[in-house]
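[1] structure for this input, please:
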Amino acid sequence: MKPFSAMPIVMLLAASGAATAQSNITIYGIADAGIVSERGGAAGNVTKVSSGVASASRLGFKGSEELGAGVSALFVLEAGISIDTGALASSTQAFNRQSFVGLASKDAGSLTVGRQYTLTYNALGQVGDPFGSGLSGSAKNLFPVAGANLRANNSIIYTTPVKNGFSAGLLYSLGETAGDSQAGSQYNVSINYAKGPVNARLAHNHRNNDSATLTGTDSGRNTLFVANVDFKVVKVFFAYSNDKGLNSAPLNNATPLPYGKVFRPSLRGDDTLVGVTVPVGPAGTIMTSYIRKNDKTAPNQDAAQYAVGYVHALSKRTSAYTSYGMIDNRNGAGYTVGNNAETGSGDRAFNIGLRHTF
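    Sure thing, here's the model as predicted:
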């Protein structure tokens, strides 16, 4: 891999000059809670109140400061909140969802450093998944976007400006392993297009699995293509991921598994999604998707997910939702039906709830 170029940093700093600053800070968040009913889990059927079913509940702070010449400094600090208990979603990280600082320029693009979403995860959730990574139809249930494939610590992201609908992104995450600068590192690139009714992204992720005590391990590699086309009366979604190597398909849920069976993550396979959203009147949206996970290793532990949902906007900031999803596990596979914030315990789940953004 070529060394990470410092040119974008130089361009941004050179353009900033020494102008008088204008700054602003915004407090924002999502309060989402619902009733979740899960079936088929190892511990039996479960009905519970859950937080973050459609969109993970959160409290965030973001701000920017104008530095002059079209350049701004920016930051984001975002913590997950469990609405059902009032607790922080993480007991070890104050801002477990996002924490980064950077520079942005209309002409030179943006450069951010910290804990950030991977480009692959953003592509799937923002473009390829009609459920937007939430509800019981979340593509996270089968697509390989768990752990470091979802958020990357110690990451540097450069995003180009948009030109004629095209843009690109580059992420590099430092492994910070003593004595080996490559161990535990990760890089992620994406090419994006959004213009008119078409939105598409192509992303590739490469994860080095070496550690301080283990070297020479196989790397994890994912190549993802996602797209959606808005025909007004219906929006059509497609996603395809090719996964190879160790940790190329990290499990969204390790335990408990449906039927109480333990299985290993696939080392080679692919994932395919097709789905649609259909507007219903001025405030409603029906969504549905089908996902097939094709395990190409000897155990052939395939799975298929079927899901349907409905979201109704009660206002600009508040919506009610409901959904149902089920996974057909094959040959000992044990994938679970989760939602945005939870991994789920069974192979079927029903959700109903309320989401408010501020």
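
[2] okay, stretch 271-284 in CSV with CA atoms only?
    Extracted in CSV, the C-alpha atoms of stretch 271-284 (Å, rounded to 0.1, in the frame of the first residue of the first chain):
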residue,chain,number,x,y,z
ASP,A,271,-24.1,-11.2,0.1
THR,A,272,-26.9,-9.9,-2.1
LEU,A,273,-29.8,-7.6,-1.3
VAL,A,274,-32.8,-6.4,-3.4
GLY,A,275,-35.4,-4.2,-2.0
VAL,A,276,-37.9,-1.3,-2.5
THR,A,277,-39.5,1.5,-0.7
VAL,A,278,-43.0,2.7,-1.7
PRO,A,279,-44.5,6.1,-0.6
VAL,A,280,-48.0,5.8,0.8
GLY,A,281,-49.8,9.1,0.7
PRO,A,282,-48.0,12.2,2.0
ALA,A,283,-46.6,10.7,5.2
GLY,A,284,-46.1,6.9,4.9
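
[3] contact partners of that stretch?
    128-131, 137, 139, 142-144, 233-241, 243, 285-294, 310-314 (CB atoms under 8 Å, 6 or more residues apart in numbering). The C-beta positions use only the backbone N, C-alpha and C, and glycine is treated the same way.

[4] mind redoing it with 6 Å?
    Applying CB atoms under 6 Å, 6 or more residues apart in numbering, the contact partners of stretch 271-284 are 130, 139, 142-143, 234-241, 285-287, 289-293, 312-313.

[5] next step: those restricted to strands.
    235-241, 285-287, 289-293, 312-313 (DSSP state E).

[6] what about stretch 295-305, distance to the chain center?
    Mean-position distance between stretch 295-305 and its chain equals 23 Å (CA atoms, centre = their mean, to the nearest Å).

[7] average pLDDT across that stretch?
    The average pLDDT for stretch 295-305 rounds to 97.

[8] could you do stretch 318-328 as well?
    Computed over stretch 318-328, the mean pLDDT rounds to 98.

[9] okay, buried residues for that stretch please.
    Residues of stretch 318-328 classed as buried by neighbour count (16 or more other CB atoms under 10 Å): 319-327.

[10] on that earlier part again, selecting buried members of the contacts of stretch 271-284 in PyMOL, what would you type?
    Here is the PyMOL command that selects only those of the contacts of stretch 271-284 that count as buried (16+ other CB under 10 Å):
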select buried, resi 130+139+142+143+235+237+238+239+240+241+285+287+289+291+293
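
[11] all helices of the chain, in order?
    With DSSP state H as the criterion, the chain has helices at 7-16, 119-123.

[12] any low-confidence regions in the chain?
    Across the chain, the ranges flagged by pLDDT under 70 are 1-22.

[13] which ones are touching the residue nearest the centre of it?
    Compute the mean C-alpha point of the chain, and by CA atoms, centre = their mean the closest residue is Y121, 3.6 Å away. Y121 makes contact with 145, 150 under the criterion CB under 6 Å, 6+ apart.

[14] ok, the closest residue to K48 other than its chain neighbours - contacts?
    Distance criterion CB to CB, 6 or more residues apart in numbering; nearest residue to K48, sequence neighbours excluded, is V36 at 5.6 Å. Residues near V36 by CB under 6 Å, 6+ apart: 48, 50, 351.

[15] hey, what's V36 bridged with?
    In this entry, V36 is beta-bridged to K48, N351, by DSSP bridges.

[16] likewise F61?
    I27, L77.

[17] what about it, how many neighbours?
    For F61, the neighbour count with other CB atoms under 10 Å is 16.

[18] surely it and F75 touch.
    No: using CB atoms under 6 Å, F61 is not in contact with F75; the gap is 7.9 Å.

[19] now the buried members of the contacts of V36.
    Counted by 16+ other CB under 10 Å, the contacts of V36 give 50, 351 as buried.

[20] with respect to A31, which of the contacts of V36 is nearest?
    Of all the contacts of V36, A31 sits closest to S50, with 12.9 Å by CB to CB.

[21] contacting residues around the closest one?
    Contact analysis of S50 by CB under 6 Å, 6+ apart lists 34, 36, 342.

[22] go on, P265?
    The neighbours of P265, taking CB under 6 Å, 6+ apart as the test, are 249-251.

[23] can you give me the distance of it to N24?
    Using CB to CB, to the nearest Å, P265 is found at 43 Å from N24.

[24] repeat that for P144.
    37 Å.

[25] these two: who's more crowded?
    A count of neighbours by other CB under 10 Å puts P144 above the other of P144 and N24, at 28 against 10.

[26] that one against D243, yeah?
    Yes: applying CB under 6 Å as the test, P144 and D243 come out as touching, 5.3 Å apart.

[27] identify the contacts common to these two.
    Taking CB under 6 Å, 6+ apart as the contact rule, P144 and D243 both touch 222, 249.

[28] who is G309 paired with across the strands?
    M287, S323.

[29] now do L88
    On the basis of DSSP bridges, L88 takes part in beta bridges with I81.

[30] distance of it from G80?
    7 Å.

[31] and S289, by the same measure?
    Distance from S289 to G80, by CB to CB: 25 Å.

[32] with D107 instead?
    Separation of D107 from G80 (CB to CB): 35 Å.
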